[in-house]
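Student: Sharing a sequence plus its predicted fold:
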Amino acid sequence: MNKLPIPEMIRRAFSALPFAYAPYSHFKVGAALLTEDGEVYTGCNIENAAFGPGNCAERTAIFKAVSEGKRDFLAICIVNENQDGGHDFCPPCGVCRQVMAEFCDPETFQIILAKSPEYYKIYTLAELFPEGFGPGYLKNE
Ligand code: THU
């Protein structure tokens, strides 16, 4: 795939927002993950009364995909809805960046932060997670 389906990814990320379970932060997040074979896996954040077990939208999408046999990813789109119903750019947390580094090529994996179908910005994983510790460090070759 040489051109990212950005409008479709933004649409799919927004489609996950209503499923966000965020009764504590009231900060809803939706994500849409594009696999190399052109499929899109969505995810939302899922909070927990014990706080620690909560999961971010990005990891929900990645874990859904990995659990169905997918490991090659091209891009992820992230959107949010805050308590006032507004949409801000929502950069991935450090834990999600680390999880992305496990499966994605930092130089090519694209992270799309969108406020609307028209208003978005794109980073590579390497830009948001420089000098990340990835699986390459544990290879004995
Ligand atoms: N959250 C995400 O789902 N993704 C991000 O990129 C940042 C934060 C969630 C975690 C928590 O449920 C809420 O947003 C507030 O931190």
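Tutor: Yep, that arrived.

Student: Surely residue 19 touches residue 45?
Tutor: No: at 9.4 Å, residue 19 does not count as touching residue 45 under the criterion of CB atoms under 8 Å. The way it works is simple: take the backbone N, C-alpha and C, and place the C-beta from them, glycine included.

Student: which one of those two has more residues nearby?
Tutor: residue 45 (25 against 15; other CB atoms under 10 Å).

Student: unless I'm mixing things up, the more buried one is touching residue 60, no?
Tutor: Yes: contact status for residue 45 versus residue 60: in contact at 7.2 Å, counting by CB under 8 Å.

Student: List the contacts of residue 81.
Tutor: 17, 20, 27, 28, 87 (CB atoms under 8 Å, 6 or more residues apart in numbering).

Student: ok, now with 7 Å
Tutor: By CB atoms under 7 Å, 6 or more residues apart in numbering, the contact set of residue 81 is 17, 28, 87.

Student: Please give the number of neighbouring residues around the first one.
Tutor: Same thing as residue 17. 20.

Student: can you check the second one too?
Tutor: Neighbourhood size, residue 28 [other CB under 10 Å]: 23.

Student: Residue 21 now?
Tutor: For residue 21, using other CB under 10 Å, the count is 13.

Student: who's it bridged to?
Tutor: residue 46 (DSSP bridges).

Student: And the pLDDT for it?
Tutor: pLDDT for residue 21: 98.

Student: Distance-wise, check the residue nearest to the spatial centre of the chain relative to residue 137.
Tutor: Residue closest to the average C-alpha location in the chain (CA atoms, centre = their mean): residue 58, at 3.2 Å. Per CB to CB, to the nearest Å, residue 58 is found 22 Å from residue 137.
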